[in-house]
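# here are the coordinates; sequence isn't available:
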């Protein structure tokens, strides 16, 4: 791992100076290589799938692991899309003259070396490598052991793409070993790795956050809330509450708890109950909710802190904005919250006072996403407050240094 | 410490919503309180000084510890200056409509709770508390044991200022104990503390970085370089090289190593040697430097990695920009580097390729400073790449969350 780290650090210097043209050339060459190697990729993937079946991996995991022609094509298209994004590196902003006569500004630069630790989806290998490359960073990728052959085959395509563009093939390195100790080393080498992005289940991310000696861009949970205010447009509220829960269940920006103002609960809850029944969503309510919806289960204390990632929703009736924000403050994971209201002052307060990475008025929480935000692609979502917050795209893989243009100025 | 942390977390919610007017009122009231309490502050300070003398503290430390009328007045003026700075909280930027119809932007918000760990200067108590307050953060201050009475007396003024503005007095808390274990606790409570800013010697900062479980804004060393290129204006180069070394010695943005292109070394080094002799700066050179300046000491390998903070300078003759940047890459602490050149392409390469928090052309490294950069004041300097880089002012104590304004949008 030390050698890998040294190579990455060296490669990062070449990448930081690589032109946009060269980086795009590498990305497009990788896409071509992946299309050309489709048969090999599927064969290598089959080795992983066979091993996975023999090990008794569950069906959902095997599905995520599978590379089909469609998935290979989206991988290639993804690389082309990242090539088409603007290059953030070298962007200069805020240039101003200071009273001393120096001209001061900020230049966007790569972070250096990014370590990506992920689980079974082999497409992350190409996505993550491409985002890091475009933002001028070297990458060390450590995928799950169950995808080792697929990942190595994708890595070979990436290496050929790098070579065709004249970039060092150590710009993207895939850890060869499936030894778990390798992760422990990767996250404790601040001299070679500038940031770690873990992608996977909560267990993996918790372990990495606990043990890392390198900054980690991460989110643990997505316990997102929608609050239906007294002054909500109830038809709009209904649509948002259904979309936020039911558009997709297994995603971090899905709503897990619905908060409803007591003045409108009797009107809207029965209507919502019908919609959720259509979608086969299980409802769990507080006592005031169950006074209206008699036949639903009671929510326990644990429900308010649970990310279901499933067709289950907890509902609480509250007496106003302050009670709603207090509940959010105590139970939110800081990912995304939305208020539905036509009231100007309460919309403004919710935006200012709710401390989450995305705060919304009259929109579904499902919009908290790199593509929807126009970042082009995302390397992950951060619920931390330092550095990047919310969906993290190319910009989150860079930092800004100060630049000073002088004409001989000295301090008086 | 747990209780302190809980109080800070609670107070941070009130502070995040406090208006600019209220925060400024508190800052101005603190300034008034400090002026009014001058005699008490000096008496409490005398207790620390007596204890320090009894303990045999060295003169420089006692000097830093001393509160004079002048220093108290600058403390009060500093508070007034921070009140006059623009409030970063709530600033909304980049509002744009997305194809889905949502309007997306970013809102600047406080980090939450900032922990400051510092050594003997009691003025940090007021400065740091004021910067954190203005940026909407609660603060936990942990000063050196040798300044405990001074810090507590300043804290009392701060508390009275907070009360007059109607803010919770737990918005700024000074740790009462001088027990070292308190630091260990403060830096391992991510649930109550969002970021740690250590201010003090390298030993303190290294220990904190090693042990912290909370993000740390820090710099360890300031090993800054000036490179005099072949195409430098030599008169300008001479002034910059003298200013960068001699303007002040004990500061992190002073030059510690001078790199000189071999084509101009014979011309400029003898002239510089005269100037440095006037300033009583000891020179230590590489063999090629000593071939020109025969009577100076040889630089050892350690010299290139040493922050002298003293009238000592190491000098190396190099064969061009690449050699200069290679030396910087190996030995710089990532703080500040400057090139002196009239060559367009080399200036551009130096700006793009040198990976330090401030990179300059034709200016003294001494400009790398919060006041010179117009930040108003600085809480510290960061040589890390994540979050804030270089001088850290109010903006570095905030983050940006995403805000979404919709009119009922749902994901298709």
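It's in. Just so it is clear, the model here is predicted, and its values are computed rather than measured.
# Just give me how far the helix or strand where residue A:205 lies sits from the chain centre.
Per DSSP states H and E, residue A:205 falls inside helix A:202-211. Taking CA atoms, centre = their mean, to the nearest Å, one finds helix A:202-211 lying 16 Å from the centre of the chain it belongs to.
# Check stretch A:93-113 too.
29 Å.
# for stretch A:256-272, same thing?
30 Å.
# burial count for the closest residue to residue A:284 other than its chain neighbours?
Leaving aside its sequence neighbours, residue A:284 sits nearest to residue A:299 (CB to CB, 6 or more residues apart in numbering or on different chains; 4.1 Å). Just so you know, the C-beta spots here come from the backbone N, C-alpha and C atoms, and that holds for glycine as well. Neighbour count of residue A:299, defined by other CB atoms under 10 Å in any protein chain shown: 21.
# tell me the secondary structure for the residue lying closest to residue A:363 once chain neighbours are set aside?
With sequence-adjacent residues excluded and distances taken as CB to CB, 6+ apart, residue A:363 is closest to residue B:406, at 3.0 Å. Here residue B:406 is strand, with the state taken from DSSP: H, G, I helix; E, B strand; the rest coil.
# Which residues are in contact with residue B:406?
When contacts are counted by CB atoms under 8 Å, 6 or more residues apart in numbering or on different chains, residue B:406 touches A:360, A:361, A:362, A:363, A:364, A:367, B:101, B:102, B:103.
# just to revisit the earlier point, just confirm the residue nearest to residue A:284 contacts residue A:315, I think it does.
Yes. Counting by CB atoms under 8 Å, residue A:315 is a contact partner of residue A:299 at 7.3 Å.
# Identify the contacts common to the two.
A:284, A:285, A:286, A:289.
# Who does the first one form a beta bridge with?
The residues paired with residue A:284 through beta bridges, assigned by DSSP bridges, are residue A:297, residue A:314.
# from the contacts of residue B:406, which would you call buried?
Neighbour-count burial (16 or more other CB atoms under 10 Å in any protein chain shown) is assigned, among the contacts of residue B:406, to A:360, A:361, A:362, A:363, A:364, A:367, B:102, B:103.
# ok, which pair from those residues is furthest apart?
Distance extremes for the buried ones among the contacts of residue B:406: the farthest pair is A:364 and B:103 at 14.3 Å, using CB to CB.
# Can you classify the residue lying closest to residue A:404 once chain neighbours are set aside by secondary structure?
Once flanking residues are discounted, residue A:404 sits nearest to residue B:360: 4.0 Å by CB to CB, 6+ apart. The local conformation at residue B:360, judged by three-state DSSP, is strand.
# Then residue A:96?
Quick answer, by three-state DSSP: residue A:96 is strand.
# try residue A:196
strand.
# could you measure it against residue A:145, distance?
18 Å (CB to CB, to the nearest Å).
# is it true that residue A:165 touches residue A:20?
No. The pair residue A:165 and residue A:20 does not pass the contact test of CB under 8 Å, sitting 11.5 Å apart.
# The two: which is more packed in?
The residue with more neighbours, out of residue A:165 and residue A:20, is residue A:165; 20 against 15, by other CB under 10 Å.
# quick one: contacts for the residue of the stretch 251-400 of chain A found nearest chain B?
Chain B sits closest to residue A:363 of the stretch 251-400 of chain A, with a gap of 3.0 Å, by CB to the nearest CB. Contacts for residue A:363 (CB under 8 Å, 6+ apart) come out as A:240, A:338, B:102, B:404, B:405, B:406, B:408, B:409, B:410.
# Chain B versus residue A:68, what's the distance?
The gap separating residue A:68 from chain B is 24 Å, by CB to the nearest CB, to the nearest Å.
# burial measure for that residue, as a count.
Number of residues near residue A:68 (other CB under 10 Å) recorded here: 11.
# cool, and the one 5 residues further on?
Residues near residue A:73, counting by other CB under 10 Å, number 14.
# roughly how far apart are residue A:225 and residue A:272?
For residue A:225 relative to residue A:272 (CB to CB), the value is 15 Å.
# now swap in residue A:390 and tell me
Residue A:390 is 27 Å from residue A:272, by CB to CB.
# Likewise for residue A:170?
55 Å.
# Also residue A:351?
24 Å.
# More neighbours: which of residue A:390 and residue A:272?
residue A:390 (28 against 25).
# Please name the nearest non-neighbouring residue to the more buried one.
Using CB to CB, 6+ apart, the closest residue to residue A:390 is residue A:357 (3.8 Å).
# you'd agree that neighbour is up against residue B:404?
No. The pair residue A:357 / residue B:404 is not scored as a contact, 11.3 Å apart, by CB under 8 Å.
# who touches both of these two?
residue A:368.
# give the contact list for residue A:343.
Shown in contact with residue A:343 (CB under 8 Å, 6+ apart): A:229, A:230, A:231.
# Mind checking which of those are buried?
Listed as buried from the contacts of residue A:343 are A:229, A:230, A:231; burial here means 16+ other CB under 10 Å.
# quick one: the second one and residue A:261 touch, right?
Yes. Taking contacts as CB under 8 Å, residue A:230 lies within contact range of residue A:261: 4.3 Å.
# shared neighbours, these two?
residue A:320.
# need the strands for the stretch 201-350 of chain A, in chain order.
With strands called from DSSP state E, counting those that start in this stretch, the stretch 201-350 of chain A shows them at A:224-228, A:255-261, A:282-285, A:297-298, A:312-318, A:336-340.
# In the contacts of residue A:363, find the pair that's most separated.
The distance between the two most remote of those (CB to CB) is 14.8 Å, for B:405 and B:410.
# and the stretch 201-350 of chain A, which of its residues are near chain B?
Counting by CB under 8 Å from any CB of the partner chain, the stretch 201-350 of chain A comes close to chain B at A:215, A:233, A:236, A:239, A:240, A:242, A:243, A:244, A:247, A:329, A:338.
# Nothing else from me, thank you.
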